[in-house]
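Novice: pasted the sequence and its predicted model underneath.
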Amino acid sequence: DTATVWTAAWDRPAGEERARELFDATFGTAPDGVWSAPGRVNLIGEHTDYNAGLALPVALPHRTYAAVARRDDDLVRLVSAQEPSGVREVRLAHAVPGAVRGWAAYVVGVAWALREAGHDVGGFDVAIDSCVPFGAGLSSSAALEASVAVALDAVHGLGLAGGVDADGAARDDAGRARVAELCVRAENEMAGAPTGGMDQAASLRARAGHALLLDCRDGGVRHVPFDLAAHGLALLVVDTRAEHSHVDGEYAQRRAACEDAARRLGVASLREVADAAEGTGAALAALATAADGDVLVRRVRHVTSEIARVRAFVEALDAGDVPAVGPLMDASHASLRDDYEVSCRELDVAVDATLAAGALGARMTGGGFGGSAIALVRAADVDAVATAVAAAFAARGLATPAFAVAVAGPPAA
Ligand code: GAF
């Protein structure tokens, strides 16, 4: 038998206590408070956000915790339990794009983006601890940004993000949409990762017990009830431990290809192609005649078909026909693997192994090139499917994967 490794989600008080203790131990005082924000898995709608498309993420119970105290100067002192390098110090006056390296760019970037937007944000001390696995395609960077954003909102009294009800619903979605945009700016401009906005929206705007239907054309959201346990099902997350990074070139290349295709087709975004009443056939035929047409056709075909799959997925959930989403997940994975070419061996092994062990559907989730896969499985089969995946990885000499069960959690608060 192959042993399986599980990435546990800390309960909220335990996570808050860890961040508070790190703050105490580092700065010798108590923080003003502790805030936290979740990672996410995307159910479907991958590489659609920067094409003004649709995505359907859920917030994980795994969260990043930020203990923060406001300062009266413009100094930021940061420490993270996940970073052995000790305390870092950055003056906000010197915090401009390109000047801050590594994980600190995400933290300082949020303060920078708030200041750029005219908010009166000064220095602060911050201690971070997190159970969102790093580099696992589960949005550890968005969780870090969002936890710092709601913390700065609170300690500086900005009144942007609003609170969260006991049932896990945000009170001011419009405010949170603006905060999410600032987090995207932090990631794009300070950290230099050309990502879309799905992850920050998921962390700030999700609702417990629901998937977040995100329309990236106008930023609109709908909370779609998502309670797999009621259907005897569960969502198994397979962290392949194959590290991915969006700062490197592949993600940017995909995004550039989509923008190139839209330009050639004379549309503002590929969403227009996906929504065209006459279908996508004419657009694909037009692209096929270009010199590099074959690649562009496949990239556009992924984006447009993926947007259609998000619609079908939500229709199935609305109809209470959860098993019907399984084949849509499979089709999404095939499209990401063959047309968009962002999968990798570990992700394909994870998907194939879960399906062979009885999953109803499976796909890579997030940007790809490593990271995590998700599988829809019968609740009673969770352990058996995980064991089968671990055995498949061991048999191929791949790194030991880690597992989690995703239950839709509340947003940043
Ligand atoms: C990463 C990015 F950060 C998101 O914006 C999104 O593009 C995703 O990859 C792919 O759907 O998570």
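Specialist: Nice, I can see it.
Novice: my guess is residue 187 contacts residue 193, does it?
Specialist: Yes: using Cβ atoms under 8 Å, residue 187 is in contact with residue 193, at 5.2 Å. The C-beta positions use only the backbone N, C-alpha and C, and glycine is treated the same way.
Novice: for residue 108, which residues are in contact?
Specialist: For residue 108, the contact set (Cβ atoms under 8 Å, 6 or more residues apart in numbering) comprises 76, 78, 90, 92, 95, 100, 190.
Novice: where does the last one land on pLDDT?
Specialist: According to the predicted model, the pLDDT of residue 190 comes to 96.
Novice: quick one: secondary structure of the closest residue to it other than its chain neighbours?
Specialist: Spatial nearest neighbour of residue 190, excluding adjacent residues (Cβ to Cβ, 6 or more residues apart in numbering): residue 109 at 3.0 Å. Of the three states, residue 109 takes helix under DSSP: H, G, I helix; E, B strand; the rest coil.
Novice: on that earlier part again, which of residue 187 and residue 193 has more neighbours?
Specialist: Ranked by neighbour count (other Cβ atoms under 10 Å), residue 187 and residue 193 place residue 187 first, with 28 against 20.
Novice: got the phi/psi numbers for that one?
Specialist: Dihedral pair for residue 187: phi -70, psi -40, per degrees, to the nearest 10.
Novice: look up how far residue 148 lies from it.
Specialist: Counting by Cβ to Cβ, to the nearest Å, the gap from residue 187 to residue 148 is 12 Å.
Novice: same question for residue 282.
Specialist: For residue 282, the distance to residue 148 equals 46 Å [Cβ to Cβ].
Novice: who has more neighbours, these two?
Specialist: residue 148 (30 against 12).
Novice: that one touches residue 67, doesn't it?
Specialist: No: using Cβ under 8 Å, residue 148 makes no contact with residue 67, being 10.9 Å away.
Novice: which residues do those two both contact?
Specialist: residue 126.
Novice: name the residue of the stretch 301-413 of the chain that lies nearest to the ligand.
Specialist: For the stretch 301-413 of the chain, the residue closest to the ligand is residue 367, as judged by Cβ to the nearest ligand atom, at 3.2 Å.
Novice: around the ligand, pick out the residues from the stretch 151-300 of the chain.
Specialist: For the stretch 151-300 of the chain, the residues in contact with the ligand (Cβ under 6 Å from any ligand atom) are 195, 196, 198, 199, 246.
Novice: pop out the phi and psi values for residue 272.
Specialist: Torsion angles, degrees, to the nearest 10, at residue 272: phi -60, psi -40.
Novice: which ones are touching it?
Specialist: Neighbouring residues of residue 272 by Cβ under 8 Å, 6+ apart: residue 262.
Novice: could you measure from it over to the ligand?
Specialist: According to Cβ to the nearest ligand atom, to the nearest Å, residue 272 and the ligand sit 19 Å apart.
Novice: residue 68 now?
Specialist: From residue 68 to the ligand the distance is 24 Å (Cβ to the nearest ligand atom).
Novice: specify the local secondary structure of that residue.
Specialist: State at residue 68, reduced to three classes by three-state DSSP: strand.
Novice: ok, which stretches of the stretch 301-413 of the chain are helices?
Specialist: Ranges of helices in the stretch 301-413 of the chain, per DSSP state H, counting those that start in this stretch, are 325-338, 345-356, 382-395.
Novice: would CSV of those helices with mean pLDDT, distance to residue 166 and mean neighbour count be doable?
Specialist: Shown next, in CSV, are those (pLDDT from 0 to 100; distance: least, Cβ to Cβ, whole Å; neighbours: other Cβ atoms under 10 Å):
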stretch, mean pLDDT, distance to residue 166, mean neighbour count
helix 325-338, 98, 29, 21
helix 345-356, 98, 35, 22
helix 382-395, 98, 28, 19
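Novice: export these as a markdown table, with columns for distance to residue 30.
Specialist: Compiled in a markdown table, those are given as follows (distance: least, Cβ to Cβ, whole Å):
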| stretch | distance to residue 30 |
| --- | --- |
| helix 325-338 | 46 |
| helix 345-356 | 43 |
| helix 382-395 | 40 |
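Novice: now render these as a markdown table, adding distance to the ligand.
Specialist: A markdown table is the format used below for the helices of the stretch 301-413 of the chain (distance: least, Cβ to the nearest ligand atom, whole Å):
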| stretch | distance to the ligand |
| --- | --- |
| helix 325-338 | 9 |
| helix 345-356 | 13 |
| helix 382-395 | 22 |
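Novice: model confidence score at residue 245, please.
Specialist: Residue 245 is assigned 66 on the pLDDT scale.
Novice: same deal with the one 10 residues further on?
Specialist: Note on residue 255: pLDDT of 97.
Novice: what number of residues lie near it?
Specialist: For residue 255, using other Cβ under 10 Å, the count is 18.
Novice: list the helices and strands the helix or strand that contains residue 294 packs on?
Specialist: For residue 294, the host element (DSSP states H and E) is helix 293-318. On a contact count with 3 or more Cβ pairs under 8 Å, 6 or more residues apart in numbering; DSSP states H and E, helix 293-318 meets strand 54-55, strand 210-215, strand 220-225, helix 249-265, helix 270-275, helix 281-288, helix 325-338.
Novice: would you mind getting the angle between it and helix 249-265?
Specialist: On the basis of axes from the mean of the first three to the mean of the last three Cα atoms, to 10 degrees, helix 293-318 is oriented at 100 degrees to helix 249-265.
Novice: next, the buried residues of helix 293-318.
Specialist: Neighbour counts over helix 293-318 (16 or more other Cβ atoms under 10 Å) mark 293, 296-311, 313-314, 316-317 as buried.
Novice: residues from the stretch 1-150 of the chain in reach of the ligand?
Specialist: Counting by Cβ under 6 Å from any ligand atom, the stretch 1-150 of the chain sits next to the ligand at 42, 46, 47, 49, 50.
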